[in-house]
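Student: below is the sequence, then the predicted model.
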Amino acid sequence: MSTDGFGQSTGSLRGQVKNLSTGKLLTNAQVVIEGTNLRTYTDEYGEYRFSNVATGEVKVTASYLGLGEKSLTVSVGAGSTTAPVIALFTARAGLDSEEVFELEAFTVDGSDFDSNAIAQQERKTSSNFKLVQHADALGEIAEGNIGEFLKNMPGVAIDYVAADARSIKLRGMSADFTTVTVDGASMASAASSGKGRNFELEQVSLTNIEQLEVTKLPRPDNPANSMGGSINLVSKNAFAQGGRKITYKAFANWNGIYGFDFDKSPGWTADSYRTKTNPSFEFGYSDVFLNDRLGASFTVSQSNQFNIQRRFSYTGDYRVLNDGSVANERIQIQDGPKFSFRQSLAANFDYKASENTIFTLRSQVNWYDAEFNNRNYNFAIGTDMANSREGHIEGSFTSNNNVGASVRNKKGITTHVDLGAKHTFGDWKIDYGFTSSIATNEYRDGSEGYVEGMSTRSFNASGQRLAYDFENMMVAYTDITSTDSSGNVLPNYGFDLSRGRLAYLRHRPNDSEDKRTNLRLNVTRLFEVGDHKGSVKFGYDRSKQHRDTINREWRYNVNSGSATASKPLSDFVDEVYVGITPGFGYPGFTWLSSIQLEDYLNANMGDFTLANSTALSAQQGSYLNLDETIDSLYLMGSIGFAGEKGLFTTGIRYEDTNVEGLSPVGSKVVPDPTPEDPNRTKTLSTMWLEGSGENGVLTGEFLSANQGYGTYHPSAHLRYNITPQLTARLSAANTIGRPSFGNMFGAATISYDTSNFEYTLNLKNPNLTPRRSDNLDFTLEYYFGDTSLLSASVFQNDIKNFEGTTTIPMSREAMADAGIPYQSEYDDVDNLKYTFTAGDATVRGLELSWNQSLDQSWVPEFFKASSVYANGTFLDLEGRFEGTDYASFTDTLPGFAKETISYGFIFDKRPFSLKFRWNTRGEETQSGTRNLRLVDGTVLRPYIHDEERTTLDINGDYKVNENVSVFFSVRNAKNAPYRWILDLGEVAGSPTTERVLYREESYGSQWSLGVKGKF
């Protein structure tokens, strides 16, 4: 029947937009129907959809930064119409726009151009302040660690443990407050058997990641636990690849100290020869099946890496000598070769059940296995230092001189599976899904065939002396000399292993598991108000986390009078790892073999006694067993205005948090005499290890606590395109930082003063509430050229509820509130110490970013395909921490990254490409302190600082043909060390303003060389 006279009929239109040079479908390409107010953006499958389109011929135009725009005419019917694919291309391709329908995907030199275009298009179209980086943008990344990738982005600082990028800070905030998700769902992290909330990067790989998103301020549909921001890892999907794609990479990697050498040399865990140059690979396959209804993507990767670990530390007191100079009487020199194995396997499926329904499966398994063999010499000069002076300190060779070790195998597996579905019904969009993520972490030693550590004694001989000569206290080298009573210089720095004896041997196995599940539902309704397009989105999210941690220490003390008590350490010398310098200018040391010591322990167990008190204390102190459930509801609306030049997004999120956990009540029986009963004792509780030997399980009394709280989080984001090139953003959001599990749950202990028998119960506080932050951000972004960008952000975070500790008088009421038993055992003179929330701070910051294509008229042709970039984040903190652990801080906080800077030069002249990337991490204050002992005996406590550090990474490749490239990469090319220092002038009463070294660590540069390609 004709519709004439009843209004014009309408239909729906769908289609795809792709990058012609790569064949990939484009996400967030802008698509408009000319002559109407209809405008949308492509989804993660490169698809766009319009409903209520007038039937007849319409002109559809797609555009993308750096790729220009393309229009085509489509005849829309009354039902559903599918348009031809719109193919966009850069002007570099030199094509006529009419040719693009006849061409298959081809290659235009400049993968960095495409990556920059993606990053800037995603940024420009986002409703809130979000940075996006494509996984191909930075070249080859060592071990596929996403931290090495993210460190070059504005506002990102990476915390390292040894040479490994371990966790992420955003805009200076603790890594505990950085949310990391995979496709929007939290991934489990066992946190190295610790009690923190920080996401650790060891057990996630870049191999399965298409792009990384860094969001500085959340929308209502994002988790609120993101005071500094959040990271989302977007997995690969086959549909977006634009067809079958096979990628491969095979390479060798080595440490710059040892060089490229496949021969074996003394290795790790001692007594063995190992190859230091190791093979690694990556392989990826994706394709679309069942008439373009099923997309499948598979990736597998393996990394094998050796690196040195060398440390020089001043471990004693810093002493002001009589002449006013400063010295330290104790030095530790450590050598710790390490081997790391990483493997990742991922499989992703997308099934289009219909035009309007798609089901997804995202799955990955990541393995991590590292062996490290840290062995150290500990030097200690006695207090008889009368002959010491500037640059020279000497005294007796004390019994504190010893050799030690920490030899361990760290393993972990992370399994992450996400099932989801998406439906489109006209102007309605519904998506829902379920995620299960499990991460484990374990440390092993004895079961791997070696002791973890040892304590040694009896090196010193009568009249033996020890002296250090040094240029200054900022250099990681001291000339160490030991002499006998006659002044003769002794070999091996005075450590005569034939005289040394064992005090104990040790095993330290740790275990932890983190389980997370997530259930989500999101509903979006598109609408129009006049000429303005908008949307309303609401949803529900339930996240559950279970964390279980137990760390053990089995210390085997040598029995007095046993054969082992008189057995010389020279019987356990490592005969393989000899003549290897520990760095810092020292020749090779003579090390003990942890493998021989383990064999000896097993064969002579009767000469040792297990220290039960140490074993019990270790399990009590590390025990963690908790469950946290977060139920979230949100409502969010967006509306375009000013002819779609502006977009306003606002809403509110509610999170209901419930935490339930157990804390062991530490065993302690202490004297508490009275005139009537001089033998009276006081007991906190009784705990024990059930089972014999290393099978002992922590048993006894546990405190159970359940804490719940609800928080509301409003946010608003305004984006306005002042001109097509200039965009302004204004955002405000309320966020939280949930307290560390270690401050909420842990062993309750008792300490006492024997002078007056005053006792203090030390408790954790499961009732801690989170930090709250009101965040405000204003940003200007100027887009120019094809892929150039200049941006500036100013922001402010007002933060409340910092953690601190307080001590209050003991009372029955206080004990009852804390759930502590045995109330009658305590007196009013006793105390209760616990963690609470107090103090606030204001953080103000400036963030600058510049990315410049050199395709300019004034640039020589040789450099036109190249680019440069620079970014920096600069923070200022005003703290008000009276009554907290941070009371001594006013303009910084422990671990607060006040300055991060990155800059680089990307040279692209095909078939050659070179990338030079510099990253600077500014100086940071840590929570730890060291003693500064003055001449009169006064002790001051200056803080430890991370010294500013700049690293250089280099990537290069040569394209042999369309399917093969040769590449190399160098991480930390100049072997910049990690250094910790003290500013002695920062503490009141210090007679010196000298800056001195606390520790220096060196890991060498990491090299890779290989081939890669795609089909």
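Tutor: Perfect, thanks for sending it.
Student: tell me how far the spatially most central residue of the chain lies from residue 173.
Tutor: Taking C-alpha atoms, centre = their mean, the centroid of the chain lies closest to residue 167, which sits 1.2 Å from it. Using C-beta to C-beta, to the nearest Å, residue 167 is found at 11 Å from residue 173. In short, each C-beta sits where N, CA and C put it, glycine included.
Student: just residue 932 next, same as before
Tutor: Applying C-beta to C-beta to residue 932 and residue 173 gives a distance of 30 Å.
Student: more neighbours: the two, which one.
Tutor: Neighbour count, other C-beta atoms under 10 Å: between residue 932 and residue 173, residue 173 has more, with 28 against 25.
Student: what number of residues lie near the residue nearest to that one when sequence neighbours are not counted?
Tutor: Distance criterion C-beta to C-beta, 6 or more residues apart in numbering; nearest residue to residue 173, sequence neighbours excluded, is residue 228 at 3.2 Å. Number of residues near residue 228 (other C-beta under 10 Å) recorded here: 28.
Student: per-residue confidence at residue 228?
Tutor: The model reports residue 228 with a pLDDT of 86.
Student: wait, it sits on residue 167?
Tutor: No. With contacts counted by C-beta atoms under 8 Å, residue 228 stays clear of residue 167, the gap being 11.8 Å.
Student: mutual contacts of those two, please.
Tutor: residue 178 (C-beta atoms under 8 Å, 6 or more residues apart in numbering).
Student: got the buried residues for stretch 909-917?
Tutor: Neighbour counts over stretch 909-917 (16 or more other C-beta atoms under 10 Å) mark 913, 914, 915, 916, 917 as buried.
Student: you'd agree the second one is up against residue 867?
Tutor: No. Proximity of residue 914 to residue 867 does not meet the contact threshold set by C-beta under 8 Å, at 11.9 Å.
Student: overlap of the contact sets of the two?
Tutor: By C-beta under 8 Å, 6+ apart, the residues touching both residue 914 and residue 867 are residue 906.
Student: in strands only, show me the buried residues of stretch 909-917.
Tutor: Filtering these for membership in strands, criterion DSSP state E, returns 913, 914, 915, 916, 917.
Student: identify the farthest-apart pair in those residues.
Tutor: 913 and 917 (13.0 Å; C-beta to C-beta).
Student: give the residues shared as contacts by those two.
Tutor: In terms of C-beta under 8 Å, 6+ apart, residue 913 and residue 917 are both contacted by the residues residue 955.
Student: can you list the low-confidence ranges for the chain?
Tutor: 1-8, 91-113, 138, 142, 270, 666-674, 680-686, 752-757, 815-829 (pLDDT under 70).
Student: could you rerun that using 50?
Tutor: 1-7, 94, 99-110, 822-823 (pLDDT under 50).
Student: and the next helix or strand past the helix ranked longest in it?
Tutor: The longest helix of the chain (DSSP state H) is helix 111-125. With elements assigned by DSSP states H and E, the helix or strand that comes after helix 111-125 is strand 130-134.
Student: from the contact counts, what lies against that following strand?
Tutor: Counting contacts by 3 or more C-beta pairs under 8 Å, 6 or more residues apart in numbering; DSSP states H and E, strand 130-134 is packed against helix 111-125, strand 209-215.
Student: and that strand, what's buried?
Tutor: 130, 131, 132, 133, 134.
Student: can you list contacts of that strand?
Tutor: Residues beyond strand 130-134 that count as contacts (C-beta under 8 Å, 6+ apart) turn out to be 114-115, 118-119, 122-123, 126, 149-150, 153-154, 210-216.
Student: centre of the chain to the helix or strand that that strand is followed by, how far?
Tutor: Tracing the chain past strand 130-134, the next element assigned as helix or strand by DSSP H and E is helix 146-150. Mean C-alpha position of helix 146-150 versus that of the full chain (C-alpha atoms, centre = their mean, to the nearest Å) differs by 9 Å.
Student: the helix or strand following helix 146-150 pairs with which strands, and in what direction?
Tutor: As assigned by DSSP H and E, the chain's next helix or strand after helix 146-150 is strand 156-161. Sheet pairing of strand 156-161 (DSSP bridges) gives strand 164-170 (antiparallel).
Student: I'd say residue 475 and residue 997 touch.
Tutor: Yes. Between residue 475 and residue 997 there is a contact at 7.0 Å, judged by C-beta under 8 Å.
Student: of those two, give the one with the bigger neighbour count.
Tutor: The residue with more neighbours, out of residue 475 and residue 997, is residue 997; 21 against 13, by other C-beta under 10 Å.
Student: how is that one assigned, secondary-structure-wise?
Tutor: Counting by DSSP: H, G, I helix; E, B strand; the rest coil, the backbone at residue 997 sits in strand.
Student: how about residue 768?
Tutor: Per three-state DSSP, residue 768 ends up coil.
Student: ditto for residue 598
Tutor: Applying three-state DSSP: residue 598 is helix.
Student: for the nearest residue to residue 82 once chain neighbours are set aside, what are its contacts?
Tutor: Among residues not flanking residue 82 along the chain, residue 14 sits closest, at 5.7 Å (C-beta to C-beta, 6+ apart). Listed by C-beta under 8 Å, 6+ apart, the contact set of residue 14 reads 47, 48, 49, 50, 80, 81, 82, 83, 355.
Student: whichever strand or helix holds residue 14 to helix 111-125, inter-axis angle?
Tutor: Taking DSSP H and E as the criterion, residue 14 maps to strand 10-19. With axes from the mean of the first three to the mean of the last three C-alpha atoms, to 10 degrees defining the directions, strand 10-19 sits at 140 degrees from helix 111-125.
Student: now strand 10-19: buried residues?
Tutor: 11, 12, 13, 14, 15, 16, 17, 18, 19.
Student: just checking, the third one touches residue 73?
Tutor: No. In this structure, residue 13 sits apart from residue 73 without contact. The criterion is C-beta under 8 Å, and the distance is 11.9 Å.
Student: what do these two both touch?
Tutor: 58, 60.
Student: roughly how far apart are the residue nearest to the residue nearest to the centre of the chain when sequence neighbours are not counted and residue 115?
Tutor: Sequence neighbours aside, residue 175 is the residue nearest to residue 167 in space, at 3.8 Å (criterion: C-beta to C-beta, 6+ apart). From residue 175 across to residue 115, the span is 26 Å (C-beta to C-beta).
Student: and for residue 541?
Tutor: Residue 541 is 31 Å from residue 115, by C-beta to C-beta.
Student: give me the neighbour count for residue 286.
Tutor: Counted with other C-beta under 10 Å, the neighbours of residue 286 add up to 22.
Student: scratch that, residue 34 is what I was asking about
Tutor: If we define neighbours as other C-beta under 10 Å, then residue 34 has 11 of them.
Student: residues touching it, list them.
Tutor: Residue 34 sits next to 58, 59, 60, 61, 71 when contact means C-beta under 8 Å, 6+ apart.
Student: taking those residues, please make a PyMOL selection of just the buried ones.
Tutor: Provided next is the PyMOL selection string for whichever of the contacts of residue 34 are buried by 16+ other C-beta under 10 Å:
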select buried, resi 58+60
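Student: out of the contacts of residue 34, which comes closest to residue 802?
Tutor: residue 61 (52.2 Å).
Student: for the closest one, list each beta-bridge partner.
Tutor: residue 32, residue 71.
Student: can you map out the strands along the stretch 301-450 of the chain?
Tutor: With strands called from DSSP state E, counting those that start in this stretch, the stretch 301-450 of the chain shows them at 310-314, 318-320, 326-328, 330-335, 338-354, 357-380, 392-396, 402-425, 428-444.
Student: and the fourth one, which strands flank it?
Tutor: Sheet pairing for strand 330-335, assigned by DSSP bridges, gives strand 310-314 (antiparallel), strand 357-380 (antiparallel).
Student: for residue 56, list each beta-bridge partner.
Tutor: Applying DSSP bridges, one finds that residue 56 bridges with residue 76.
Student: re the thing from before, ok, which of the strands of the stretch 301-450 of the chain comes nearest residue 276?
Tutor: strand 338-354 (8.9 Å).
Student: on that earlier part again, can you tell me which of the buried residues of strand 130-134 is nearest residue 493?
Tutor: For those, the nearest to residue 493 is residue 133 (49.0 Å; C-beta to C-beta).
Student: fine by me, thanks again.
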